[in-house]
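Participant: the following comprises the amino acid sequence and a computationally predicted model.
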Amino acid sequence: MATTPVWVLFVLLSVSLAEEVQLNYKPATKPVRLFTEEELQRYDGSEEGQPIYMAIKGVVFDVSKGKEFYGKDASYNALVGKDSTRAVAKMSLNPADLTSDTTGLTEEQLQSLDSVFEGTYKAKYPIVGYTAARLLNADGSPKKDFKPEAQPHFQTRDEF
Ligand code: HEM
């Protein structure tokens, strides 16, 4: 019986190690993307099988696993497919509050917003991106004070 040359064993071992490394490779953070208002609107839960997204303070969360809250005809469906910062801060489903506008919110409402952002959304749902308004000024230039959520000690109120 012919013995297998050592170099063949070496090549086989290298290939299997390379596969192992590739299979186990996971990027440290998932890539995120930028959403225009129109893009975000496509993920409003109206189409069965499509992911459901909503933004708070310009951070886009994939809330698909909360379909019982956010899906078509569910109680909080009005919040999805858009940035609902004001509604969440005020715990209101009034159509006038379905906006990213934080003008005139009280300290108590801002605190409540932070706690829902941290305790519910960041804890429960993956971040898939940011709204264009969060990163860019109206003229398209980048906002210098942008702080990604991955940054330690990030607080939504830092940017008010
Ligand atoms: C009578 C009024 C309301 C009651 C009884 C109520 C009840 C609840 C309950 C029981 C939960 C937790 C569900 C769970 O984790 O299984 C919840 C979650 C939540 N509620 Fe309400 N709610 C009310 C009004 C509102 C309003 C007006 C808003 C407007 C923004 C709101 C926004 C939310 C949000 C964002 C969550 C988190 C859902 C998630 O985990 O993704 N709620 N509510």
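Facilitator: That came through fine.

Participant: quick check, the residue in this protein closest to the ligand?
Facilitator: residue 66 (3.9 Å; CB to the nearest ligand atom). Where you see a C-beta, it was placed from the backbone N, CA and C, and this is true even at glycine.

Participant: tell me which residues touch residue 34, please.
Facilitator: Residue 34 sits next to 129-132, 135 when contact means CB atoms under 8 Å, 6 or more residues apart in numbering.

Participant: wasn't it part of a strand?
Facilitator: Yes - per DSSP: H, G, I helix; E, B strand; the rest coil, residue 34 lies within a strand segment.

Participant: any idea which helix or strand carries residue 128?
Facilitator: strand 127-131 (DSSP states H and E).

Participant: give me the sheet partners of that strand and which way each runs.
Facilitator: For strand 127-131, the paired strands and their directions (DSSP bridges) are strand 33-35 (parallel), strand 59-62 (antiparallel).

Participant: which one of the ones you listed is the most hemmed in?
Facilitator: strand 59-62 (a mean of 22; mean count of other CB atoms under 10 Å).

Participant: hmm, that strand touching the ligand?
Facilitator: No - residues of strand 59-62 contacting the ligand under CB under 6 Å from any ligand atom: none, with a closest distance of 8.8 Å.

Participant: quick one: contacts of that strand?
Facilitator: Here strand 59-62 makes contact (CB under 8 Å, 6+ apart) with 32, 35, 40, 51-55, 117, 121, 125-131, 134, 149.
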